[in-house]
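S.K.: Fold the following, please.
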Amino acid sequence: MQRRTKIVATLGPATDVEKVLRRMIRAGLDVARLNFSHGDAEEHRRRAEKLRSVAKECGRDVGLMGDLQGPKIRVRRFKEHSVELSDGAAFYLDSTLGYEDGTEEGVGVALDSLHQDVVAGDILLLNDGMIALEVQRVEGTRIHTTVITGGIISDHKGINKKGGGLSATALTDIDRENIKLAAELEMDFLAVSFVRSGADVIEARRLFEEAGGKGLIVAKIERTEAVLDMDSIVDAADVIMVARGDLGVEMGYAELTGIQKSLIRKTRKGSKIVITATQMMESMIQHPIPTRAEVSDVSNAVMDGTDAVMLSGETAVGKYPVKAIRAMDEVCTGAEKYPLPHGSTRHRLGDYFEGVDEAIAMAVMYTANHLAVKAIIALTESGSTTRWMSRIRSDIPIYAFTPYAATSRRVALYRGVYPVAFEIEGSDRERLYADIFKTLLSNKLVEVDDLVIFTKGDLQGVSGSTNSMMILEVKDSE
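M.R.: Numbering: from 1, shown residues only. Below you'll find the predicted structure:
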């Protein structure tokens, strides 16, 4: 049984040893993530080059994602690098305070407009919600608060406002430079952090394309505003990432699971790709096996229909990056053995399709779910037909036959879709079928006499031209 849910894993110091990266790819890595919040341009170039080299050696098309830092709002530094805040104590935040002048009385913040975004009664959450402050009053740039939940706070920890509403723009000057780097490195996916609306996604796409980028745009959902404007974001983005860290802090952990399920459902309904991320196997940074709670968390995301699950610190800095990939692979495969709770899909049954290629994709999946076929073969330029197919719940593998490495790396993120390198030689139909059968049989993807569904377009070299489907019986081409 092939795993249908894809695995995204973050590269970092723990993966810089080539043999570790090779073992991760062989264990099932589908898309590698470079986190622009850490490291410099040369580090990212080196890791991107090594990934492509090792993936080629392994005979795999592994996607590459660049993840922009975004306007992560942080406290500045403390004189002693950390302080302990007691419950009930007074504490202030001030954007004009010296960079390294923080004490247990107050600290500087890296958002000049923070004092304009809060009023008395607002709750500010520091260090992923570990510290909670209630705003008492605002005097100039200084925000006076009372500590509701105390603890140790150190340099550069993040700040969130409960319920959202901070005015920081989605793209910083550093992000704009990293967009150019992502284009230079021919990244297959560009993830935009702290998206607020579809307009943020459109702006990031414009900058990426102007720099020569051709990859897909990932909108990270980690703000309250994004959840409230999901329709425009789904329309504008190619991929949605449910980034549960800051999202859980802003909206509250009690509602996070319900929000996650809603976002997965809405994204799939919009025929887009969805990644579930953050702390999926966090304990494996230090331990060789996941907790039962983590197993349940991953399994639930898989059974809700997520296209991919993501590892962050587990592989970037963890002690067991290869074991984390293997554990994720095992959990996803185990969850996929059980029937999904929603039964047969009703995906877009009441809608009009965007084009002929989408209509063909939907017809293919209806046929596949009502006929004993072993595989779906899509001859594809851009991968869009396989994306639409992957929105339909099915256990039948979808093979994206494409001559383009960039398309292969892109579809590596799509649930239930597997890239196959394939060159079309000539225009003879029987020769084409024979070559397809030979490729399927040599890779042991099907057996002789199996039924497969085949889709293609009449216009070779034209993206989005899929206009036909056929049911074929596999024949031995020898």
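
S.K.: quick one, strands of the stretch 51-200 of the chain?
M.R.: 63-67, 82-85, 90-94, 106-108, 123-126, 131-139, 142-149, 151-154, 159-161, 189-192 (DSSP state E, counting those that start in this stretch).

S.K.: Take the ones you listed and write them to a markdown table, including mean neighbour count, mean pLDDT and distance to L228.
M.R.: C-beta coordinates here come from the backbone N, C-alpha and C atoms, glycine included. Listed next are the strands of the stretch 51-200 of the chain as a markdown table, based on neighbours: other CB atoms under 10 Å; pLDDT from 0 to 100; distance: least, CB to CB, whole Å:
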| stretch | mean neighbour count | mean pLDDT | distance to L228 |
| --- | --- | --- | --- |
| strand 63-67 | 26 | 98 | 23 |
| strand 82-85 | 16 | 96 | 31 |
| strand 90-94 | 21 | 98 | 25 |
| strand 106-108 | 22 | 97 | 30 |
| strand 123-126 | 22 | 96 | 18 |
| strand 131-139 | 17 | 97 | 22 |
| strand 142-149 | 18 | 98 | 24 |
| strand 151-154 | 16 | 95 | 29 |
| strand 159-161 | 23 | 93 | 14 |
| strand 189-192 | 27 | 98 | 17 |
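
S.K.: E282: which of these is closest?
M.R.: Among the strands of the stretch 51-200 of the chain, the nearest to E282 by CB to CB is strand 63-67 (17.5 Å).

S.K.: List the strands paired with the closest one, with their directions.
M.R.: Note on strand 63-67: by DSSP bridges, its sheet partners are strand 31-35 (parallel), strand 189-192 (parallel).

S.K.: what's that strand in contact with?
M.R.: 8, 30-37, 44, 48, 51-52, 178, 181-182, 185-191, 193, 218, 220, 409-410, 412-413 (CB atoms under 8 Å, 6 or more residues apart in numbering).

S.K.: So what's the gap between that strand and the chain middle?
M.R.: Centroid separation for strand 63-67 versus its chain: 9 Å, with CA atoms, centre = their mean, to the nearest Å.

S.K.: Same check on stretch 118-128?
M.R.: 28 Å.

S.K.: Number the residues from 591 up from this point.
M.R.: With 591 as the first residue, the last one maps to stretch 708-718.

S.K.: send the alpha carbons of that stretch over as CSV?
M.R.: These are the backbone C-alpha positions of stretch 708-718, laid out as CSV (Å, rounded to 0.1, in the frame of the first residue of the first chain):
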residue,chain,number,x,y,z
VAL,A,708,-4.3,47.7,21.7
VAL,A,709,-6.7,49.1,24.3
ALA,A,710,-7.3,48.5,28.0
GLY,A,711,-8.6,45.0,28.5
ASP,A,712,-6.8,43.4,25.6
ILE,A,713,-4.7,40.3,26.3
LEU,A,714,-1.2,40.0,25.0
LEU,A,715,0.4,36.6,24.8
LEU,A,716,4.2,36.1,24.9
ASN,A,717,6.3,33.1,24.2
ASP,A,718,3.6,31.0,22.4
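
S.K.: Point out where the stretch 591-740 of the chain drops to low pLDDT.
M.R.: For the stretch 591-740 of the chain, applying pLDDT under 70 flags the ranges 591.

S.K.: Now with 50, please.
M.R.: Scanning the stretch 591-740 of the chain for pLDDT under 50 picks out nothing.

S.K.: hang on, the earlier thing: with respect to R594, which of the strands paired with strand 653-657 lies nearest?
M.R.: Nearest of the strands paired with strand 653-657 (CB to CB): strand 621-625, 14.5 Å.

S.K.: CA atoms only for the closest one - export them in CSV, please.
M.R.: Taking C-alpha atoms only, strand 621-625 is exported to CSV below (Å, rounded to 0.1, in the frame of the first residue of the first chain):
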residue,chain,number,x,y,z
VAL,A,621,8.9,18.0,0.1
ALA,A,622,11.8,19.7,1.9
ARG,A,623,11.3,23.0,3.6
LEU,A,624,13.8,25.8,4.1
ASN,A,625,12.8,28.1,7.0
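
S.K.: and the contacts of strand 653-657, which are buried?
M.R.: Among the contacts of strand 653-657, those classed as buried by 16 or more other CB atoms under 10 Å are 598, 620-626, 634, 638, 641-642, 768, 771-772, 775-781, 783, 808, 810, 999-1000, 1002-1003.

S.K.: In helices, which of those residues appear?
M.R.: Assigned to helices by DSSP state H, the following of the buried ones among the contacts of strand 653-657 qualify: 634, 638, 641-642, 768, 771-772, 999-1000.

S.K.: Just the closest of those residues to D790, please.
M.R.: The shortest gap between D790 and any of these belongs to N768, at 15.2 Å (CB to CB).

S.K.: excluding its backbone neighbours, what's nearest the closest one?
M.R.: For N768, ignoring the flanking residues on the chain, the nearest one in space by CB to CB, 6 or more residues apart in numbering is F626 at 4.6 Å.

S.K.: returning to that earlier point: can I get the strands paired with strand 653-657 in CSV including distance to I764?
M.R.: As requested, the strands paired with strand 653-657 are exported to CSV (distance: least, CB to CB, whole Å):
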stretch, distance to I764
strand 621-625, 13
strand 779-782, 13
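
S.K.: out of the ones you listed, nearest to A965?
M.R.: Taking CB to CB, strand 621-625 is the member of the strands paired with strand 653-657 nearest to A965, at 22.7 Å.

S.K.: Quick check: which element contains S822?
M.R.: According to DSSP states H and E, S822 maps onto helix 820-826.

S.K.: Mind exporting the C-alpha coordinates of the helix or strand following that helix to CSV?
M.R.: Where DSSP H and E defines the elements, the next helix or strand beyond helix 820-826 is strand 829-833. C-alpha atoms of strand 829-833 as CSV (Å, rounded to 0.1, in the frame of the first residue of the first chain):
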residue,chain,number,x,y,z
VAL,A,829,-1.8,25.7,-1.1
ILE,A,830,-3.0,26.4,2.4
MET,A,831,-0.9,25.6,5.4
VAL,A,832,-2.7,25.2,8.8
ALA,A,833,0.1,26.7,10.9
